[in-house]
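J.: Dropping a prediction and its sequence here:
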Amino acid sequence: MKSVLVSMLAIAALASCSRQEFVDPPGPQEGGKMLVDITLNSGETTKASGAATVADDKTISDVTVFFLNPTNQIVSKQWVDGSGLTDDGSGVKTATLETRSTATQMMVIANLGGDRTTGTLNVSTKAQLQAVVQSLINTDNPPLPVQVTGDVLMSGEGTVDNMTASSDGSASTADASVTLNFIAAKITLSSIELGADVKGDYGTDFKFTRAFLLNVQTNSWYFPTASSYIPDPKAYANGSAWDASWGTDPGYPVVADFNQTLNFPDMNAAKTDIAHWYVFENNPTSVQQAEHPTILVVEVEWTKTKADADAGVAEEKAMKMFNVIFAPGDKGEIKAGQAYNVALTFNGDFRPENQGGNGGGGDDKPDQPNVNANVAITVTPASWTDQATPKPFE
């Protein structure tokens, strides 16, 4: 029996055996037994603090495998959890599966976190499997994201090749390979810094308070159709409760994990590795709110008016929003399997109004384009090897 090892996001199927759930299409039971070994060139890793590393993202904790015949009927399916994977000591894990000799295709989903082959994935055809929708959030109250570091969803398709019948009437053997691709995208707030031209005293005239997401698209297929994972209908969630001053509340679920508190005691140096979120693909046609573009908002508390007791002037604070809009006309739409690094440099005037300040050029609402705001966003392929290209808010 040969051994095949591929990249971190690839699995290779070879020959051996294990318990398997078979699915019989209408008619007589099809095919004889075929034994398959799955080798995972990845291992479970400890979840890291801060932004996820590429190795964390590529962790394979469990796999759900579907074998299909030439007419796209599923002939067997099985979920393999961490305890069912054997570790060879170098991070490579193996598991044994059994399928039918009529299997010519393999479809794999990684990191579901549980066996769904008798639930939402209790399907019998390729078309039915491709139609299953995964939500980014659970149904708890409050809801939580199901995409977290170390359990990032991946999927892929491959063919079963070189099937060899046994000469003694025992099980056939075959080999297959499939490369897994990320289903989600990743948004990382990689750095915030003050540029040489910024005006105002940090901590007195202004301070960063939080970063949050709006219009996070929460529905996805496991396998793409025409290169898209987006089903119909879409669904959305926000990382912040809606403020009345922002306009009409869309009524989306509020997911606290899409909201990151910022509490920097000073801004003498750039703050890095601030937050990251996994989101699903979204394809608005413009930055208009009616198109529901996914938005990363960095909020600043600005001292609009400084107190002057002698003049009878009270201090007035205002919240200013710096908005990174993922849509054509701003930073482009979010694509599955891509990483977006957001590095912000602030060069605006945060002095109080009576000293000439204007809130640094931010907006009062979190869904409006910032005309003079340039934000560094790096888009990378599924390997998620990031390269920062920062630009400033001016």
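T.: It's in.
J.: Now the helix or strand hosting S177: buried residues?
T.: Using DSSP states H and E, S177 sits in strand 172-179. Neighbour counts over strand 172-179 (16 or more other CB atoms under 10 Å) mark 172-178 as buried. Quick note: C-beta positions are derived from backbone N, CA and C, even for glycine.
J.: cool, stretch 203-212 as well?
T.: Applying 16+ other CB under 10 Å to stretch 203-212 flags 205-208, 210-212 as buried.
J.: how about low-confidence regions in this structure?
T.: 1-30, 34-55, 85-96, 176, 370-394 (pLDDT under 70).
J.: who's sitting farthest from the centroid in it?
T.: D310 (53.6 Å; CA atoms, centre = their mean).
J.: any idea how far that residue lies from P352?
T.: Relative to P352, D310 is positioned 16 Å away (CB to CB, to the nearest Å).
J.: next one: K306
T.: 4 Å.
J.: Same question for I230.
T.: Applying CB to CB to I230 and P352 gives a distance of 45 Å.
J.: Over to G195?
T.: 20 Å.
J.: Repeat that for S286.
T.: In terms of CB to CB, S286 sits 35 Å off from P352.
J.: Looking at those two, which is more packed in?
T.: P352 (21 against 14; other CB atoms under 10 Å).
J.: what's the burial count for V108?
T.: Other residues close to V108 by other CB under 10 Å number 23.
J.: residues contacting it?
T.: V108 makes contacts with 11, 63-66, 155-158, 178, 180, as judged by CB atoms under 8 Å, 6 or more residues apart in numbering.
J.: I'd guess it is in a helix, am I close?
T.: No: assigned with DSSP: H, G, I helix; E, B strand; the rest coil, V108 falls outside any helix and is strand.
J.: who's in contact with the closest residue to F206 other than its chain neighbours?
T.: The shortest distance from F206 to any non-neighbouring residue, by CB to CB, 6 or more residues apart in numbering, is to F350 (3.9 Å). Counting by CB under 8 Å, 6+ apart, F350 touches 198-200, 205-206, 300, 302, 357, 359-360.
J.: what two of these are the furthest from one another?
T.: Pairwise distances among the contacts of F350 were taken by CB to CB; the largest, 13.3 Å, belongs to K199 and V300.
J.: So for these two, which residue has more residues nearby?
T.: V300 (22 against 17).
J.: buried sites along the helix or strand harbouring that one?
T.: Using DSSP H and E, V300 sits within strand 294-305. Buried residues in strand 294-305, defined by neighbour count with 16+ other CB under 10 Å: 294-300, 302-304.
J.: Also stretch 222-233?
T.: Those buried within stretch 222-233 under the rule 16+ other CB under 10 Å are 222-224, 229-231.
J.: Pull the residues that contact it.
T.: So stretch 222-233 is contacted by 107, 109, 129-130, 132-134, 153, 155, 157, 183, 217, 219-221, 280-283, 336 (CB under 8 Å, 6+ apart).
J.: can you do 6 Å?
T.: Residues outside stretch 222-233 that contact it (CB atoms under 6 Å, 6 or more residues apart in numbering) are 109, 130, 133, 155, 219-221, 281, 336.
J.: Keep only those of these that are in strands.
T.: Using DSSP state E, 109, 133, 155, 219-221 are the members of those that sit in strands.
J.: what's the closest of the residues you listed to S124?
T.: Set against S124, the nearest of the ones in strands among the contacts of stretch 222-233 by CB to CB is I109 (16.2 Å).
J.: residues near that closest one, how many?
T.: 24.
J.: so it makes contact with T64?
T.: Yes: I109 lies in contact with T64 (CB atoms under 6 Å); the separation is 4.6 Å.
J.: how many neighbours does the closest residue to A110 other than its chain neighbours have?
T.: Excluding the flanking residues, the one nearest A110 by CB to CB, 6+ apart is M154, at 4.2 Å. Close neighbours of M154, defined as other CB under 10 Å, add up to 25.
J.: Relative to F182, how far out is M154?
T.: When M154 is compared with F182 (using CB to CB), they lie 6 Å apart.
J.: ditto for F264
T.: On the measure of CB to CB, F264 and F182 end up 31 Å apart.
J.: More neighbours: these two, which one.
T.: F182 (25 against 15).
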